[in-house]
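Visitor: here is the input, now give the coordinates:
(one chain, ligands or ions: 1)
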Amino acid sequence: MREYCMVDLLTMEYAAAEITWRRKEIARRLIGTSANIKDHTINRIAPADLELLFGLYDELFLAGWFRHCFAGTLGFSLSSRLTKSAGKTLCPKDIAQRKPSEIRIEIRIGVNFFLQYHAVKNPKPVCGIATADSLEALQLVLEHEICHVIEFLHFHASNCSAARFKRLAGRLFGHTESYHKLPTAQQIARQKYGLRIGDAVSFRFEDTVLHGRVYRLNQRATVMVRDRFGHYTDGNGRRYTKYYVPLELLQK
Ligand SMILES: [Zn+2]
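Guide: Residues are numbered from 1 along each chain as shown. Model prediction:
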C-alpha cells in the first residue's frame, strides 16, 4: 500500500481558517479550468464540472486519497428532479460484498438549486454555513456528499442526521448542519408568482380558458382541471385532467 493510502479520512481535521482558504482556492482553480463556470455565478454546468470540483477537493482536502487509493469508480450527474435535497449520493446496496474495484458511487446534484440561487432574496445557508453565491453553495453541497461517500466506503452505510456523520463533516469542512436553505421551486413560486399548492387558477389552453387547482409546484405547476372524461378521480368521484403549466401563464 502506498504511503498516502495510510491517510485516515475519518480523523482528518482542518481549522476554520484553513477550510475557508482551501474552499476559496478550489473556487479559484475551478473558475480557471471549467468550460462552463466562469465566475461565482453558475449559469451553465455539466457533470464534468462536478468531476473537476471533486478532484480539487480530493487534492486540497483529502490528500489525494481518491486519486491514489480508491479502486472503484465515481460517477457524477446533474438532475432537475431533486426538489428537496440539493444533492444525493447513490451507493450500491451490496457494497459490503463487492470487491473494491467493483464499487461505483454516484454523486447527483440538483441543478436547479444553483441555477435559481438568486431567485429568492433570503439568506441561504448550506450545512450551517452562510453562502454568498451559487458556486459556494455548490461547493458546500458537494462537501456534504463527499462525507456521504467517505462514510459509505468505511461503514457501508451513511446517515447525515447521525452523530458520526456530523463529526466527520464538522472536522473536514466545518459543517454544523446537514441541510440547506436554498430556494426550492415551491418557495420561488410563492415569492415570485404568489402561487401555493391548492390555489384556484386559470390558464389558456388552445382556444379556451381552463379553471383548476394547483396540485404540485415544480419548474411547472401541475393543475387539476374538472373534466367528466378525465383519467383522475378524487375521493368524491369527480374526474379531472392533469395539465403541466408554466408558472408565468397561471392566473389566480
Ligand atoms: Zn445528506
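
Visitor: Leu9 in helix, strand or coil?
Guide: coil (DSSP: H, G, I helix; E, B strand; the rest coil).

Visitor: show me what contacts it?
Guide: Contacts of Leu9 were listed using Cβ atoms under 8 Å, 6 or more residues apart in numbering, and they are Leu62, Trp65, Ile150, His154, Leu172. All C-beta spots, glycine's among them, are computed from the backbone N, C-alpha and C.

Visitor: let's see the pLDDT reported for it.
Guide: In this model, Leu9 is scored at 94, pLDDT.

Visitor: check the gap between it and Tyr193 for me.
Guide: 44 Å (Cβ to Cβ, to the nearest Å).

Visitor: do the same with Gly174
Guide: For Gly174, the distance to Tyr193 - Cβ to Cβ - is 36 Å.

Visitor: who's more crowded, these two?
Guide: Gly174 (21 against 16; other Cβ atoms under 10 Å).

Visitor: and the spatially closest residue to that one that is not a sequence neighbour, what element?
Guide: Sequence neighbours aside, Ile19 is the residue nearest to Gly174 in space, at 4.7 Å (criterion: Cβ to Cβ, 6 or more residues apart in numbering). With elements taken from DSSP states H and E, the one containing Ile19 is helix 16-33.

Visitor: who touches the helix or strand just after that helix?
Guide: Counting by DSSP H and E, the next helix or strand C-terminal to helix 16-33 is helix 47-61. If you take Cβ under 8 Å, 6+ apart as the criterion, helix 47-61 is touched by 12, 14, 22, 25-26, 29-30, 33-37, 64-67, 74, 76-78, 107, 109, 138-139, 142-143, 146, 172-173.

Visitor: quick one: contacts for the residue nearest the centre of the chain?
Guide: Centroid-nearest residue in the chain, with Cα atoms, centre = their mean: Ala86, separated by 2.0 Å. Contacts for Ala86 were tallied using Cβ under 8 Å, 6+ apart; they are Ile109, Gly110, Phe113, Phe114, Val126, Ala137, Val141, His180, Leu182.

Visitor: residues contacting Phe66?
Guide: Per Cβ under 8 Å, 6+ apart, neighbours of Phe66: Phe54, Asp58, Leu74.

Visitor: repeat that for Ala46.
Guide: Contacts of Ala46 (Cβ under 8 Å, 6+ apart): Ala35, Asn36, Leu78.

Visitor: export these to CSV and tack on distance to Arg226?
Guide: Output for those, formatted as CSV (distance: Cβ to Cβ, whole Å):
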residue, distance to Arg226
Ala35, 49
Asn36, 45
Leu78, 37
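
Visitor: most neighbours among the residues you listed, which one?
Guide: Ranking the contacts of Ala46 using other Cβ under 10 Å puts Leu78 first, with 17 neighbours.
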